[in-house]
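Novice: Build me a model:
(2 chains)
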2 protein chains.
Amino acid sequence: MSEQLNQKRLKARLAKGFRDIEARELRGLKRMLAVIEEVYERYGFEPVEQPFIEYTDALGKFLPDQDRPGEGVFSFKDDDDQWLSLRYDLTAPLARYVAENYDRLPKPYRSYRQGWVFRNEKPGPGRYRQFLQFDADTVGAATPAADAEVCMMAADTLEELGIARGQYVMKVSNRKLLEGIMENAGLVGHQMAAKRTAVLRAIDKLDRLGGEGVFQLLGKGREDESGDFTRGADLTDSQIARIMNVCGWGQSGSGSKGTTNLVSIANLEDAVGDSVRGREGVEELSNIIEFVANAGYEENRILIDPSVVRGLEYYTGPVFEAELLFDVKNEQGQAVRFGSVGGGGRYDDLVSRFRGEKVPATGFSFGVSRLYAALDQLGKLDSAMPPGPVVVLVMDRARLPDCQRMVTELRNARVNAELYLGASGLKAQMKYADKRGASLAVIEGEEERSRGEVQIKDLAEGARSAERIESREAWREARPAQVSVPRADLVGAVKRWLEDRRT
Amino acid sequence: MSEQLNQKRLKARLAKGFRDIEARELRGLKRMLAVIEEVYERYGFEPVEQPFIEYTDALGKFLPDQDRPGEGVFSFKDDDDQWLSLRYDLTAPLARYVAENYDRLPKPYRSYRQGWVFRNEKPGPGRYRQFLQFDADTVGAATPAADAEVCMMAADTLEELGIARGQYVMKVSNRKLLEGIMENAGLVGHQMAAKRTAVLRAIDKLDRLGGEGVFQLLGKGREDESGDFTRGADLTDSQIARIMNVCGWGQSGSGSKGTTNLVSIANLEDAVGDSVRGREGVEELSNIIEFVANAGYEENRILIDPSVVRGLEYYTGPVFEAELLFDVKNEQGQAVRFGSVGGGGRYDDLVSRFRGEKVPATGFSFGVSRLYAALDQLGKLDSAMPPGPVVVLVMDRARLPDCQRMVTELRNARVNAELYLGASGLKAQMKYADKRGASLAVIEGEEERSRGEVQIKDLAEGARSAERIESREAWREARPAQVSVPRADLVGAVKRWLEDRRT
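Specialist: Here you go, the predicted model:
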């Protein structure tokens, strides 16, 4: 140890793309996660968690925009030369778990889990390499009722968190629609696989780039603000038009996206024509919409939006996206729609690839940090902060054991209390109590002690008075509320005080 | 995706040394963590969390028994060629955080956090490479009152979790005692550093190897059961005797370890003689004992035990260990003391090495999985399992939407309910409900439907009857409780039923 200390001083710095989380956010997250859990339990989902590290081959490579092997994932070799990876989502590990324990699990198997996932990507503002997801999945149910349930559950969760009806919408689409359209447009067969992937990725950027940008990506290509050029899918104008139309960007208006779900279904039926794949997609969408409507979820909660494709490659059919509709200010101060806080879909091949038999599955994942930011914007998290502790200050270090006893008495009476443990004077101690958000300070000055008393200072009341009183003179007169009580009555007095404050 | 599916089938398997955590344990953990948190909040500690990944140099190398660089830690290079590591504990990242944010934090700074940590070690039975810790730390307080507080908090936590007084003890010692003894025994100076480290590591194995094994490790060396030989510290008999004595293994009886804390202090004063370092250790221990006794914590809760050294290299003074005193059966069926569920100590150099100024710190860490196992043994977690959901079975797949509506009605009334989403018949559905631990099943048979009724089956009551009734015949007669209710009264009937069960 001493040798390490003698080396040149280390710089204390967070690793690039990571962040610390402090008390306010942790308390807010805790409350938020408890609400999500409550809703998921109500839907009969049970908790299960997989480890952070899996064999790389078990996770597979399904990240969007990651062509090079290993890209996007933190990987390292075990001592037996097998590759391990940090999980990049919670779905791939769940698929491994279900496949490994298939025989003893209830089928269908509904489960939920929250956990940190890791992406080995270039960090940016608000873009971290470690983030929290909250997932729910139903494995072993092929029926669109399972997809419908996941969407209803996500909608219920948003409302339970305080996001009002009208402030959010669960958007639903189906990968097979786009596949059907591509089939009709002649993008079939192995040699067109790269083009189909390029189309999927281009459509996934509709939110960010808008119709014009995606139009370019489907055609010759696009130059971004920095001058970087991305090669396009090189489709013909007619191919592009058909694809854009199904995604709601028709040449005249909103394309296939109708004002009601039933209109959208009818438009989509037209758009996919006689593509078998496409018709399957429409049929599944239609079933989902029937289920949710039947349970009382109308277009204002669950809406068909064919522009949703979701980036992850493992989706095989229905895809979902939770979008928040209210505006927030971006970094340039412009009002922008809050946007996506989660997504999901059906991934029928992810468990199957381990089992060699069909194991259908569907699920939804909340991006917890995005959701937290949304609730914070809406002011739904303020009450998560508990009242600060009672701080017992130390006027005379020789009396530390007696101060400790006061603190112990308070804690034994279930009052959050702490002893000032530093070595500084009264002024620094008051500053400390303030930083701690303390509600009350207890002080045993020499004068009080000679009378067998202690002083209680109401710090919160002091701060409130300071807000109300405008002139400096009035503030001086109004001094923070304080009172002396008999030492023997300390706990009683503090409890009465806190009780009063609460009411 | 389809190409991946065409490859040979993947084997679904957990990575070596990792494990999944299922519902029962997750629910138990959640309850347990909430209790720990409540106690820590009562002591005025606030939550803060650091990321899972830090720069390798920021974490340092303080693991026990890891001489080779990188050993014990999962590490990988970032794209800018800097080394990153998964955290191996929660203390080193906290030290980085405090150093980086020192100026704006309250001082002293009390905080707590729970989180998974990772060790790149050889896994074994019950020994995983990912485990959960719950830490509390006070940074910026040099006073032994801070050490005393951490010990009292750990003791309070154990009792709050349901571990009775007498079933646990917080053992306290001080690294400086052993350092003083080594000084007296002539183990001083740079050239003796390796021997001093060897002594520390040997003593840390007292629990596992007993006095005889440690005696060998301090002398010529020790051959373990597998025949592997570990070289010893090669001390003289007199050096060994002095060291074993201070650790409570005197040649006649328990050495320095007394029957009361005051007797231990007196013994230790003798043992360290005029070593300045040793006397400092005794003085700090004495202060801690005075503080805790003054707050009402006697030897039956916080006890001096000089055999405690703790493995991590960053401790600089007081060290603590929470030990559970009741017996459990080991893998061979023998009764063994449960043992350690956590530890901690003062680490005055860990923040300092970033700051170049003294930043004293102390803390305690619970090994959450060990603690969970202990509470499970004591039967303190059973009530963590919530009652199972209500399962609505599907007799006729064409009626799925109506079954879905029943489930939605139940959920809207805050009843945990689920729809059977599989494709199997009634028998498999009943088996499913059983696996789910369902309390009630709702069945709408054709006959019931014609009468506008649904059937409610009390599955838990059925299981209970089955336990009570011994003969097969009596069981057949006592059939699981079931009743038909009007469809319109479904929610009311279910709620009344669940209400009755609760009382």
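
Novice: which residues in the stretch 251-400 of chain A form strands?
Specialist: Using DSSP state E, counting those that start in this stretch, the strands assigned to the stretch 251-400 of chain A run over residues A:302-304, A:318-329, A:335-346, A:361-367, A:390-392.

Novice: now swap in the stretch 101-250 of chain A and tell me
Specialist: Counting by DSSP E, counting those that start in this stretch, the strands of the stretch 101-250 of chain A are A:109-118, A:130-139, A:168-174, A:221-223, A:229-231.

Novice: Save those as a markdown table, and put in distance to chain B and mean neighbour count too.
Specialist: Glycine gets a C-beta too; all of them are placed from N, C-alpha and C. Shown next, in a markdown table, are the strands of the stretch 101-250 of chain A (distance: least, Cβ to the nearest Cβ, whole Å; neighbours: other Cβ atoms under 10 Å in any protein chain shown):
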| stretch | distance to chain B | mean neighbour count |
| --- | --- | --- |
| strand A:109-118 | 6 | 22 |
| strand A:130-139 | 5 | 22 |
| strand A:168-174 | 15 | 26 |
| strand A:221-223 | 25 | 14 |
| strand A:229-231 | 21 | 12 |
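
Novice: Is it possible to get those strands out as a markdown table so that each row also shows mean pLDDT?
Specialist: Compiled in a markdown table, the strands of the stretch 101-250 of chain A are given as follows (pLDDT from 0 to 100):
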| stretch | mean pLDDT |
| --- | --- |
| strand A:109-118 | 97 |
| strand A:130-139 | 97 |
| strand A:168-174 | 97 |
| strand A:221-223 | 92 |
| strand A:229-231 | 89 |
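
Novice: Nearest to A:Ser424, out of those strands?
Specialist: strand A:130-139 (36.2 Å; Cβ to Cβ).

Novice: In the stretch 1-150 of chain A, which residue sits nearest chain B?
Specialist: Relative to chain B, the nearest point of the stretch 1-150 of chain A is A:Gly44 (2.8 Å; Cβ to the nearest Cβ).

Novice: Name the residue closest to the centre of chain A, please.
Specialist: A:Val368 (1.2 Å; Cα atoms, centre = their mean).

Novice: For that residue, give me the pLDDT.
Specialist: Looking at A:Val368, its pLDDT is 96.

Novice: what's it in contact with, if anything?
Specialist: By Cβ atoms under 8 Å, 6 or more residues apart in numbering or on different chains, A:Val368 lies in contact with A:Leu29, A:Met32, A:Leu33, A:Gln114, A:Phe131, A:Leu132, A:Gln133, A:Phe134.

Novice: what number of residues lie near the closest residue to A:Gly388 other than its chain neighbours?
Specialist: Distance criterion Cβ to Cβ, 6 or more residues apart in numbering or on different chains; nearest residue to A:Gly388, sequence neighbours excluded, is A:Gly437 at 3.6 Å. A:Gly437 has 18 neighbours, counted by other Cβ atoms under 10 Å in any protein chain shown.

Novice: same thing with the one 5 residues further on?
Specialist: Residues lying near A:Val442 (other Cβ under 10 Å) number 24.

Novice: Mind jotting down where the helices sit in the stretch 251-400 of chain A?
Specialist: A:261-272, A:276-294, A:352-355, A:368-377, A:400-412 (DSSP state H, counting those that start in this stretch).

Novice: Adding distance to A:Ala322 as columns, could you present those in a markdown table?
Specialist: Putting the helices of the stretch 251-400 of chain A into a markdown table (distance: least, Cβ to Cβ, whole Å) gives the following:
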| stretch | distance to A:Ala322 |
| --- | --- |
| helix A:261-272 | 17 |
| helix A:276-294 | 14 |
| helix A:352-355 | 27 |
| helix A:368-377 | 9 |
| helix A:400-412 | 43 |
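
Novice: Perfect, I'm done here.
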